[in-house]
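**Student:** Coordinates for the following, if possible.
(3 chains)
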Amino acid sequence: MPNHYEVWGVTMLKKNITKASMLTFADRNRIYILFIVVFLFMTLFAPRFFNVFNLTTIMRTMAMNATVAIGFTVILIIGQIDFTIGTVITLSGIIGLGLKEYIGFGGSVPVAILAGGLIGLINGLLVAKAKINSFIVTLGMMTILQGAIYTFTGGNTISLSSEDAFAVSDWLSDMIFPLITPRILITIVLVTAASIFMKKTRTGRNFYMIGGNKHTAWLAGINTDKYTISAFILSGVTAAVGGVFFAMESAAATLNMGTSSLMYVISAAIIGGTAMSGGKGGVFNSFVAILMLDVLYNGIILFGLGNEVKIFIAGFILASVVLYEAFAIYKHEKVIGQRPELLKELELQNAQK
Amino acid sequence: MEKTKLSDATDEGIRQIDTRATSVNLFSKLMHYAGIYAVALMFLLIGIVLQGLGIINSFLTTQNLLNILDAVSMLGIVAVGMAFVTYSGQYADLSVPTTMALTGIVAVQMLKYGFFPALIAAVAAGLVVGIINAVAVGKYKANPIIWTLAVNYVTLGVIRLVWVNKQIYPDMIAKTQRASDLFDSIYRLRFFNKIALPLLMLVVLVFILNFIMKKTKYGMQLKMTGAAQKAAKFSGINTERVIGTAFIICALTATVAGLTITSLSRVGAWYNGTGYDFKAVTAIVIGGMTLAGGRGSIVGVLGGVLIIGLMNNIMTLLGVGTFSQDMIRGFIFILVVGINAKSLRSMGRDDA
Amino acid sequence: MKKIGIILFSLLFMLAATGFVFAGGASEENTVADAGNLEASLAVDVSILKAADGQALIKLGGAERVVPARPADPSALPEEDPLHWWDMEFAGEITNKQNIPESPADGAIGKKITMIVHGDHPWTTACTNGAQKVADAYSMDLKIQSPNWDLAVQNQMIDQAINERPDMILLIPLDAKTALQQARKINKAGIPLILFNMLPEAAAMDYAIAWTGPDDFGQMRKLARVFADKLGKTGGVAYVQHAPGGSPYFARSWGPISELAQYAPDIKVLDKQAPGFEADKTMQLVSDWLTRFGNDLTGIFAADDSAQALGIIEALKKAGREDVVVVAAGNSKVGMDLIKDGGLYAITYQTAEGDGALAVKTAADWFNGLDIAAITNIPQHIITPADVENFYPPQW
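**Tutor:** Below you'll find the model as predicted:
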């Protein structure tokens, strides 16, 4: 009988609290605890951290990567990897702004998102049908897209300077109520919908099953190819959504605006508890992890510290999380095949001697 | 595509049980026997044909072929070392870029005490990173990609914290002109006025590492570990040590590459080596080493490195623009690896 | 336990609520100007400051800059025509300034300035050193932030700076075109803005008080002329380009190409490629060029005088083609050393410390109520083996 249960993705404890159950509680909710610790630390010590403007700034920064992380988390859950997210962000931004002149945002934004989906589809087909390792497919695709972006734009940053483009840009970045701008709202809605979908629907649960054990999932009648392809499409679409709205808010799309997102999102997903091996984690966890990292980075800037500190701390947190997880499995594997009751007997015998 | 039975399955019993698709085409046979050198040969032929048609000139000259080798020697050094990590089933070591930067900047800093202390310090720095990776991935089975990524971040942070975002110059740090000149010559020394030291180092490393991988007990254990880690463990192989050693080898070759790139660029800086992680993975995988581990060879990886060099050379000679080169490179990468995987599968060698 | 979760979340909620209540109080603190401040500020003499290379820290250039009339539609002209690049080269010459704050004219001493650069680089370190020297001379409170070449982070820093309400924001935009929305945002918040180093597109200049920095196109044209003279106005040249996505990519290849099309039309453009800032990749590229073009290749124009220049020179040495003339944009130690060694023929003198210093000096002038030009350039000079010693030691 497990002594914990879940409410909205947060693991809760039942009445009988033991040391073991507390540890499980801490382990299951570690990203929430980490977030609260970082947030409280910054609130107490970082200058000018805790006020509406700054918190909104954090939310704005979070918006793109949090959207991108939705699809990427699903990719990790099914046990694959997608290196194209960075270039898809850039591509969608460029398409979204570049075509605006001809078909307006009403046309260009869907086209940009479709392009992201199309790249996801190609990735998915190559992984599921041609059975090439996703590490290779997406690495190759990343190179192709990078070249395509440069060729397509001729090295030019795309920007908009018409009044209606500014109107859209300002609308996306203005607060509608505290902490929330339309772009943040879009992100939150998408994250919430995706978390509910992944946790509460059968289709969503099936992704976990594939990641846990692809073969078993296939035997259980799940069309693993279809799920793999849809995961890649989802990843392409969310990366495109994140990219195109960010570009619209900035009224410009640079040729490397997505580059830093790749490592950022991977780190966040892992810190959030999603495993590279698949079958574990959640969209909401990744969201909280991104928020945590952004709070951290924001605080570091407010302290007046440089990027070297930021890189070091980010690496340190990532390394600790990976080592912590690996160590837990290591300890678990060490006792596989051992009979604790026999060991106890042995201990007793030794004690009697 | 002709459909034949498994050509090289000698055991009748296996042939009957194995019901996987066994379509073998000419290309997959070629790939099977000649490995990636089939593709390398193809590129060489393309080059020769283009030269014959007069579209490009002086492709098949000693100078040009040496240029190709020179250009990829540093990549080769990184790739043959990282191949051990891939071979052991641990995908890749993404901490290579900052290992290169770290060893380079440490060496430059230690030039103050002379050339050889600098080399020793660089190797020590490389070993530290290697051992950290070895313990975490080998012993505690941390996910190699994420772990080495994290190490990459931490090392980068350390370099930038210690050297406060500065780059340092060998000729300003070295006390004696000799130390500075020796350091400068790591990249620039040439034998017979033709063969550069990095190229020589690559050839030597290929010989040594190929010997280790194919002829020694450790190599056999590595293959077993890469192909089936659990089975290897239960058959008494110390897989922890085997995987750990692979990471240390990788860190050491990265050290060699780090010294070379620092000598070439005459600055110790945190950004030296950027991009070598994915470049090396590309070379390794094109070279026929599968990410699943336990398959491929150092000689194959060298073939992959040569293909990258040939490809870049031919494209530049043709006057293909930088950006189109990227697209073509990515496309060929997926294609070659895809065909390789497919031919392995169709020969019943792989079920992935 | 459910309660723990509830308690933690309500705690957070309470914190958030108090935050909103006090939100307004965090900002809006103005330095009180006393009467003597302006006089004291005007008395500060920054012309005695020296940069690391022994040159005066603040030197003005741009005297020789000639601004031609803008053609009706520059983009319709061929790329080889210098006027095709008018909008990029002379951005800010025609402006329609919007909502520019009035100078308080109460003296620069004690002012709070936030400087946001583009990313970490030895150049940036030198630049911020220069800025700091001037800020110290005026006792200004200078806060420097670096977004590490990440647009999202730079936007965040701008938001944070707006939130803190400094007396002035100095910004190196990450890209000529992203500058527009950033400048608008700062302008809307009513904070004076000076852009520097990276020349943004014209529309962004409408929202800034001024721009200071190098005339990249201009100095590339100058370098191109020195290059052509050395080549005897004939031969074939290849261009190693800057990384795409930014004005240097255009200024450092199309600048010289369009200049040479007029100044030395006999010089042929053989190829142009962007191998990135890696010595080994550049070396491979140049080796391949030497194979491809043979003796037709007589000159190489590089966008970077450190890694790219090193790669070029290694490739030339290997092929025994030291006769090829190499010039490069930039002013690093590696480049200066290469000039001394004789591998490189010319580089551009572009003071990094002076770049940052000029921006702060312009800000100080504005606080002092002086008239400031919309565009101020740092001086241009082409360093050749003849005068490299005068510019030694390098700043980075």
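**Student:** hey, let's count contacts and neighbours off CA atoms from now on
**Tutor:** Fine.
**Student:** where along the stretch 101-250 of chain B do the strands fall?
**Tutor:** All strands of the stretch 101-250 of chain B, identified by DSSP state E, counting those that start in this stretch, fall at B:190-191, B:195-196.
**Student:** I'd like the ones you listed as CSV, with distance to chain A and mean pLDDT appended.
**Tutor:** Output for the strands of the stretch 101-250 of chain B, formatted as CSV (distance: least, Cα to the nearest Cα, whole Å; pLDDT from 0 to 100):
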stretch, distance to chain A, mean pLDDT
strand B:190-191, 34, 86
strand B:195-196, 30, 89
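**Student:** With mean neighbour count as extra columns, can I get the ones you listed in JSON lines?
**Tutor:** Shown next, in JSON lines, are the strands of the stretch 101-250 of chain B (neighbours: other Cα atoms under 10 Å in any protein chain shown):
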{"stretch": "strand B:190-191", "mean neighbour count": "13"}
{"stretch": "strand B:195-196", "mean neighbour count": "18"}
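**Student:** can you list the ones you listed in JSON lines and add distance to residue C:80?
**Tutor:** Below are those laid out as JSON lines (distance: least, Cα to Cα, whole Å):
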{"stretch": "strand B:190-191", "distance to residue C:80": "42"}
{"stretch": "strand B:195-196", "distance to residue C:80": "40"}
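**Student:** Return the residues of the stretch 251-352 of chain B in contact with chain C.
**Tutor:** Neighbours of chain C within the stretch 251-352 of chain B, by Cα under 8 Å from any Cα of the partner chain: B:264, B:265, B:266, B:313, B:316, B:317, B:319, B:321, B:322.
**Student:** was I right about the second one contacting residue C:279?
**Tutor:** Yes: counting by Cα atoms under 8 Å, residue C:279 is a contact partner of residue B:265 at 6.3 Å.
**Student:** any shared contact partners between those two?
**Tutor:** Common contacts of residue B:265 and residue C:279 (Cα atoms under 8 Å, 6 or more residues apart in numbering or on different chains): C:307, C:310.
**Student:** And the helix or strand hosting residue B:68, what does it pack against?
**Tutor:** Counting by DSSP states H and E, the element that carries residue B:68 is helix B:62-87. In terms of contacts (3 or more Cα pairs under 8 Å, 6 or more residues apart in numbering or on different chains; DSSP states H and E), helix B:62-87 is packed against helix B:197-215, helix B:217-227, helix B:239-265, helix B:276-286, helix B:298-318, helix C:279-293.
**Student:** how about the residue lying closest to residue C:84 once chain neighbours are set aside, phi and psi?
**Tutor:** Excluding its sequence neighbours, the residue lying closest to residue C:84 (Cα to Cα, 6 or more residues apart in numbering or on different chains) is residue C:74, at 4.6 Å. Main-chain dihedrals, residue C:74, degrees, to the nearest 10: phi -60, psi -40.
**Student:** Residue C:74 against residue C:86, yeah?
**Tutor:** Yes: using Cα under 8 Å, residue C:74 is in contact with residue C:86, at 6.4 Å.
**Student:** State the distance from residue B:84 to chain C.
**Tutor:** Using Cα to the nearest Cα, to the nearest Å, one gets 24 Å for the distance from residue B:84 to chain C.
**Student:** need the contact list for that residue.
**Tutor:** Residues counted as contacts of residue B:84 (Cα under 8 Å, 6+ apart) are B:246, B:247, B:249, B:250.
**Student:** which one among those gets closest to residue A:71?
**Tutor:** When those are compared for distance to residue A:71 (Cα to Cα), residue B:247 wins out at 31.5 Å.
**Student:** tally of neighbours for that closest one?
**Tutor:** When neighbours are defined as other Cα atoms under 10 Å in any protein chain shown, residue B:247 has 32 of them.
**Student:** who's in contact with it?
**Tutor:** By Cα under 8 Å, 6+ apart, the contact list for residue B:247 reads B:82, B:84, B:85, B:93, B:130, B:131, B:133, B:134.
**Student:** With respect to residue A:264, which of those residues is nearest?
**Tutor:** Distances from residue A:264 to these, taken by Cα to Cα, are shortest for residue B:93, at 18.1 Å.
**Student:** For that closest one, give me the pLDDT.
**Tutor:** For residue B:93, the pLDDT comes out at 94.
**Student:** try residue C:46
**Tutor:** Looking at residue C:46, its pLDDT stands at 84.
**Student:** can you check residue A:325 too?
**Tutor:** 87.
**Student:** how many other residues sit next to the nearest residue to it once chain neighbours are set aside?
**Tutor:** Distance criterion Cα to Cα, 6+ apart; nearest residue to residue A:325, sequence neighbours excluded, is residue B:142 at 7.6 Å. By the measure other Cα under 10 Å, the count of residues near residue B:142 is 26.
**Student:** Equivalent analysis for the one 5 residues further on, please.
**Tutor:** A total of 27 residues lie near residue B:147 under the criterion other Cα under 10 Å.
**Student:** Pull the contacting residues for it.
**Tutor:** A:318, A:319, A:322, A:323, B:133, B:136, B:137.
**Student:** Restricted to helices, list the residues you listed.
**Tutor:** Among the contacts of residue B:147, the residues falling in helices (DSSP state H) are A:318, A:319, A:322, A:323, B:133.
**Student:** contacting residues for the third one?
**Tutor:** By that I understand residue A:322. A:270, A:271, B:142, B:143, B:146, B:147.
**Student:** picking up where we left off before, quick one: average pLDDT of the helix holding residue B:68?
**Tutor:** Per-residue pLDDT values over helix B:62-87 give a mean of 93.
**Student:** Name the stretch among the helices and strands packed on helix B:62-87 that sits most buried.
**Tutor:** helix B:239-265 (a mean of 26; mean count of other Cα atoms under 10 Å in any protein chain shown).
**Student:** quick check: mean pLDDT across that helix?
**Tutor:** The model assigns helix B:239-265 a mean pLDDT of 95.
**Student:** what angle sits between that helix and helix B:62-87?
**Tutor:** Angle, helix B:239-265 to helix B:62-87, by axes from the mean of the first three to the mean of the last three Cα atoms, to 10 degrees: 150 degrees.
**Student:** how far out from the middle of the chain is helix B:239-265?
**Tutor:** Its chain's C-alpha centre and that of helix B:239-265 lie 10 Å apart, by Cα atoms, centre = their mean, to the nearest Å.
**Student:** Dihedrals phi and psi, residue C:144?
**Tutor:** Residue C:144 adopts backbone torsions of phi -110, psi 130, taken as degrees, to the nearest 10.
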